[in-house]
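# Fold the following and give me the result.
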Amino acid sequence: VDDPRTGCELVAAFYEADCGALGNCDDSNGSVGDVFRFDARDLFVSFASSCVEKEWLGDLLLSLNREDDYGVRDALIDCAGGYLPEPVMRSMIERLWKSAEKESDEYRKRHWLRMVESLARQIKDAPLFEKARIASWGKLSTAACIDIAQVYLESGDAKTSLSWLERIPAEETFKADDKNRLLLEVYGKLGQSDKQAEIAWRIFKGYRSDSTLSTLLEVIGEEERERVLTRETTIILQEERLSNSDASFLISVG
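Take a look at the predicted model:
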């Protein structure tokens, strides 16, 4: 079809067939679900981008996502910033929040709030993202702290991002690499080069590779390459046990 509104309606109808499709097949490898998550999503975006009835589009999205038993319909929410203006997205957020407040079932409540989180992230409203995550889960996990820190950084607030990362215990190993890589970016935004170098060394020492070496040299300077390689080669060769990853690193750097 050529008419954008008709196209959006037809793709929405395809999403409403998710139960009939995914409920009656073995989608262990995810190939059927990917038709909804990627192909149908891209088709919807192509129509929605040309559709001038943006408020109607917002209504369509909310109606479609009242149910999402197979976790594929929210693909359209996660890319809403590509075809909806911020005022429409904020109006959707208000309606989603009201739905969450009325919800007695915790799972359903989180269903609404997850969409609030997605839209808040797209409009770079980090405080709203934080509020929605806390409303969903109460006590926040390490993963939640990292997610909130990431959104604050994306929103241009590196200082608050750092404060959320500092809530994570230093001895926590879960998602340690994600935390370190976010810290690397945060310290860079804050101009704290010494702290940034410390984190870059930590990432490199945690897993020596071409990639982590490049990350380190981006911070401390490419002119340090030979010094770093000489030092690390000596350390690796002094180890009593073989590390496959370190052996691979030595080969990759010649």
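# gap between Ile77 and Trp201?
Separation of Ile77 from Trp201 (CB to CB, to the nearest Å): 40 Å. For the C-beta atoms, the positions are set from N, CA and C on the backbone; glycine is no exception.
# So between the two, which is more surrounded?
Ile77 (23 against 16; other CB atoms under 10 Å).
# how about that one, what does it touch?
Taking CB atoms under 8 Å, 6 or more residues apart in numbering as the criterion, Ile77 is in contact with 61, 65, 115, 118-119.
# Tell me the secondary structure of it, please.
coil (DSSP: H, G, I helix; E, B strand; the rest coil).
# All the helices of the stretch 1-150 of the chain, residue numbers only.
Here the stretch 1-150 of the chain has its helices, by DSSP state H, counting those that start in this stretch, at 4-15, 18-22, 31-34, 41-48, 54-64, 86-102, 106-122, 126-137, 142-154.
# what comes up buried for the fourth one?
Right, the one you point to is helix 41-48. 41, 44-45, 47-48 (16 or more other CB atoms under 10 Å).
# With stretch 94-114 instead?
Buried residues in stretch 94-114 (16+ other CB under 10 Å): 96-97, 99-100, 109-114.
# got a markdown table for the residues you listed, with pLDDT and distance to Ala247 too?
Below are these laid out as a markdown table (pLDDT from 0 to 100; distance: CB to CB, whole Å):
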| residue | pLDDT | distance to Ala247 |
| --- | --- | --- |
| Leu96 | 98 | 52 |
| Trp97 | 98 | 53 |
| Ser99 | 97 | 55 |
| Ala100 | 97 | 52 |
| Lys109 | 97 | 50 |
| Arg110 | 96 | 45 |
| His111 | 96 | 47 |
| Trp112 | 97 | 50 |
| Leu113 | 98 | 47 |
| Arg114 | 97 | 43 |
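# Just give me the closest of those residues to Asp2.
Nearest to Asp2 among the buried residues of stretch 94-114: Leu96, at 31.7 Å, using CB to CB.
# Quick check: the closest one touching Val116?
Yes. Under the criterion of CB atoms under 8 Å, Leu96 makes contact with Val116 at 5.0 Å.
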